[in-house]
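In: What shape does this take:
(one chain, ligands or ions: 1)
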Amino acid sequence: MAYSSPLTGEYLRAFERHATKNDPKRGGATVPCWEIVAYAADILDIAARKLGDSLDMCRLARSLGIDKIVFNSNAQMLKPGQYGIITINADNKTTIVLRDELEREEKRFTLAHEIWHYCLHVRSSGGGDYSIFSSAIIEQEAEIFAAALMYLLDQRTAQRAAHAA
Ligand SMILES: [Zn+2]
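Out: Next up, the predicted model:
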């Protein structure tokens, strides 16, 4: 499966540096988890340069090119038990839907998880549009990525608060 990404500029270069590698021990079927963590660290550095002190998970998502983040309390778009989804419409606009009843930290984690799916959009054969593809391996990668991204972002925020005090 050849991945292609809707990311651009520095974000795309960071993706290519880390997330296009395969883990030989697992038959090349997955991105090594240390590369996923390194990628999370790199995009936070890039986003911090762009956004400064206003950096948070939502602004990071927007900075990566995600058009909309909506909180959906009516469960029509989400299957039972599903925390979030990512959709792309015909105009290539990307929306992440998060379940409204989630705790704040669960929302941030789910958003980070969906960001991984966004970064891995697979280019469809026709029309050059992007579509979402997932598998058990991608779900696992998304969890590693989300954990790393949230931890590193929180650490960055805590350090900034300590400096400001
Ligand atoms: Zn997922």
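In: Would you mind listing what in this structure touches the ion?
Out: Contact residues, the chain versus the ion (Cβ under 5 Å from the ion): Glu139, Ala142. Heads up, the C-betas are built off the backbone N, CA and C, glycines and all.
In: Repeat the analysis, applying 8 Å as the threshold.
Out: Residues of the chain lying near the ion by Cβ under 8 Å from the ion: Gly84, His113, Glu114, Trp116, His117, Ser134, Ile138, Glu139, Ala142.
In: Which two of those residues have the greatest separation?
Out: Using Cβ to Cβ, the two most remote members of those are Gly84 and Ile138, lying 14.5 Å apart.
In: Give me the more crowded residue out of these two.
Out: Neighbour count, other Cβ atoms under 10 Å: between Gly84 and Ile138, Gly84 has more, with 23 against 19.
In: ok, and the closest non-adjacent residue to that one?
Out: Once flanking residues are discounted, Gly84 sits nearest to Thr110: 4.1 Å by Cβ to Cβ, 6 or more residues apart in numbering.
In: And for Lys21?
Out: Glu35 (5.2 Å).
In: how near is that neighbour to Gln159?
Out: 24 Å (Cβ to Cβ, to the nearest Å).
In: of these two, who's got more company?
Out: Glu35 (19 against 10).
In: Provide the secondary structure category for that one.
Out: helix (DSSP: H, G, I helix; E, B strand; the rest coil).
In: wait, it sits on Glu16?
Out: No - judged on Cβ atoms under 8 Å, Glu35 makes no contact with Glu16 at a distance of 11.2 Å.
In: The helix ranked longest in the chain packs against which elements?
Out: When the chain is parsed with DSSP state H, its longest helix is helix 136-164. Applying 3 or more Cβ pairs under 8 Å, 6 or more residues apart in numbering; DSSP states H and E, one finds that helix 136-164 contacts helix 33-51, helix 57-64, helix 104-119.
In: And the first one, what's buried?
Out: So that's helix 33-51. Within helix 33-51, the residues that count as buried by 16 or more other Cβ atoms under 10 Å are 33, 35-44, 46-48.
In: buried ones in stretch 90-110?
Out: Neighbour-count burial for stretch 90-110 [16+ other Cβ under 10 Å]: Thr94, Thr95, Ile96, Val97, Leu98, Arg99, Leu102, Lys107, Arg108, Phe109, Thr110.
In: Who are the contact partners of the last one?
Out: When the contact criterion is Cβ atoms under 8 Å, 6 or more residues apart in numbering, the partners of Thr110 are Tyr83, Gly84, Leu98, Arg99, Leu102, Ala146.
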